[in-house]
Every structure is written in C-alpha cells, then in structure tokens.
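>>> Task: produce atomic coordinates for the following.
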Amino acid sequence: MKSHRNRKPIRRGLRRPFEWLGIFLGIVILGNMPHRLLFALCDFMSAVMFFFDRRGRTLALKNLRVVLGTAAAGQPPYLVGAKLAPPTRQEKLILKRSYRNMARTIGHVFWTSRRAMKRAASVATFSPRCMEVLAEHKPLVTVSAHMGCWEVLSQLVHLQGRRMISVAKDIGTPAMTELLMKSRRAIGQEIVPADGAFRPLFEGLKEGADVGLLVDQVVKPANGGVWVEFFGQPMPVSVAPAFLAAKTHATIVVAWSRPLKDGTYRCEFINLYPWQKGTDVWRRTQDCIRDLERVIRRHPSCWVLNYRYFRKQPNEAELKQLAERKAKYRQAETNA
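Take a look at the predicted model:
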C-alpha cells in the first residue's frame, strides 16, 4: 500500500505534460473547428479511449449494472476479485455512447471558449417549461448531474441575462485549473473553485444570482457530504444545494440537457422545489438524487459511467442513520 502511494506523485508528474498538451490542443484546435467536425473528432477520440481504457470500461460496466439493477445482489459494486460477466451487446452499445457523450461534452467546453455566446445559443435550447421556471423563480439553485452536456445548462441560463455561478474542482496544477476555468468563463458565467465555494455561492444567491451544482460526486461527510441512497447503494453527496436553498429561500430546480439526434441539446425540467419553512435538508438532498436517478435509468448512455460513484462505504453508525432516514422518507412518501 505504501509503495502504491509513493508511485502516485510520480505518475502525476509524468502525466502532467500530456495534460498540458491536451488542454493546449483543445483550445487551439477544437476552439477553431466547425461544430460538425468537432463532433466527428470527439466521436473518433471516444472510440480510441473506449478501446484502450480497459479499467474504465470495467468500472463503467459495473456502474451500468447497478443502474440497470443487474448487479450481483448484496455485493458492493467494486468488490475486489468479484467475477464480472462480459458485457452484452446492448450493454456495450450503452458504454460506447457514454464515452462518446463525455468526449462531446469536453469538446463543447473547448469549442465555446471562442465566440461563446453565439456558439452556445446555436446548439442548445430550453424547453418551454424551463423558460416558465426561469420567468417565475429567482434566484434558482440548479441541480444536475454529469449527464447530457452538463456544461451547456449553465451557459443557457447566462444567455437569458441572469447571473450564473458554477463550481469547478481543481484539475492538475493551479495554472492548469485556471486555464480550464478561463475557457469555461468565456461566455460570462462565474466559476468558483470547489474549495471555499460556500461563501461566494451564498453571497451570490443573496444578491439574486443563480447557482449551478452537479451532485453526482462523492463528497465525504467530513467535507459537507451526507449519505443518501443512489440506485439502491449508499453514497455520500454534497448537501450544498439543499442547505443553500434553505438559508437563502431560493427555489431548487432539477434539470438536465438532453442530447438530440442532430447534435444539439435541449435543456429539460425534471422537478421543482420552492422554499418551504422547516424543509429537511437531508430529505431535499435525497429528493434531488431520486429525480436524477429516474432520468439516468431512462438514459444511462447519457451519464458518465466510468466514475467511482460507490467507492465509499458507510461505517456502522452511518449505515444505521441512513436506514432510519430512509424509513422516515418512505413513510412520508406513503402518507403523501
């Protein structure tokens, strides 16, 4: 275990020049491509990545079977040594499309680093219901996941003349992170680092700005996460959307951007949670996760499958607390 930890910094150091090269080429090349050619290149790169990424394919297949409900019952999804049957033809098709969707989304980030407003407006639209929600509610805490083109959702909100604040995690060195954030800020939205994000998000909401958060990521309880049930598995996720909405009386809207056959996106409304006095923050967090889960079950190929969503397991006390919360949650649903 110790030798494995010692090798990590070495691998990161060796990988860094290639990351810099990838970002540079992304900005210079992808940023100057026609949209159709961009997608063709992204599709080619996703096919190459899918072919060589054996570990990622295995992880994606395990996650997919959790989503589809075909994973081995009673076993943690990433049980070491557990035998994994080869993917069926349908599973393989979903995995390939998931890789393709991820590559297209990354390509979109670089593509909109130039002429951002015009380009984002040309490839994405809001559904009529989303437009109604924007007209009726301000500020909004927009909750989504890494599905569809998650980046365009925030861009479209900004294009409606609203101030939009999103969060970004560090990637590689601080300089590398800043370069990527600069690309994402090209359209005019505000991007704040994940570390220390609460204050600017809170102040922004108080000033009437909208906030966009992706919640399908592991957040340790020590860092502000809570254990919820996600596809029948325990997973610690950020409580930030529900907590911020409770503190600022903002409305939570759960939404996503659906990829269409012509290569464009339509941002769609999933659910709406206006502020209510005494709202239980855990319950609202579980509500949002359930909403996203419902869409992912219908469109698993639109979700980033090769991420270790279920790598953490709760301890005995956390598992007991989660069981008690789930029981109350289900009772409340029955009474409703």
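
>>> Model confidence at N223, what's the number?
pLDDT, N223: 89.

>>> So which residue is smack in the middle of the protein?
H146 (2.7 Å; Cα atoms, centre = their mean).

>>> Roughly how far does that one sit from A124?
17 Å (Cβ to Cβ, to the nearest Å). The way it works is simple: take the backbone N, C-alpha and C, and place the C-beta from them, glycine included.

>>> can you list the residues that contact stretch 198-209?
138-139, 141, 162-165, 167, 190, 192, 211, 224, 240, 244, 247-248, 250 (Cβ atoms under 8 Å, 6 or more residues apart in numbering).

>>> Now do the strands in the chain.
Taking DSSP state E, the strands of the chain run over residues 124-126, 140-144, 164-168, 190-193, 210-214, 225-230, 233-238, 251-259, 265-273.

>>> Below-threshold pLDDT in the stretch 201-336 of the chain: ranges please.
Along the stretch 201-336 of the chain, segments meeting pLDDT under 70 span 336.

>>> do that again at 80, thanks
Filtered on pLDDT under 80, the stretch 201-336 of the chain yields the residue ranges 335-336.

>>> how about the helices in it?
240-248, 281-298, 316-335 (DSSP state H, counting those that start in this stretch).

>>> Relative to M181, which of those is closest?
Comparison of the helices of the stretch 201-336 of the chain against M181 by Cβ to Cβ identifies helix 240-248 as nearest, at 18.7 Å.

>>> picking that back up, quickly compare the strands of the chain and say which is most buried.
strand 140-144 (a mean of 27; mean count of other Cβ atoms under 10 Å).

>>> Provide the contact partners of it at residue level.
133-134, 150, 153-154, 157, 205, 210-215, 241, 244-245, 250-257, 288, 292.

>>> let's see it at 6 Å
Here strand 140-144 makes contact (Cβ atoms under 6 Å, 6 or more residues apart in numbering) with 150, 153, 210-215, 241, 244-245, 250-256, 288.

>>> Give me the distance from it to the chain's centre.
12 Å (Cα atoms, centre = their mean, to the nearest Å).

>>> same thing with stretch 293-301?
Averaging C-alpha positions (Cα atoms, centre = their mean) puts stretch 293-301 13 Å from its chain's average.

>>> Name the residues of that stretch that come out as buried.
Neighbour-count burial for stretch 293-301 flags E293, V295, I296, H299, P300, S301 (criterion: 16 or more other Cβ atoms under 10 Å).

>>> Tell me the one among the residues you listed nearest to R325.
Among the buried residues of stretch 293-301, and counting by Cβ to Cβ, the member closest to R325 is E293, at 16.3 Å.
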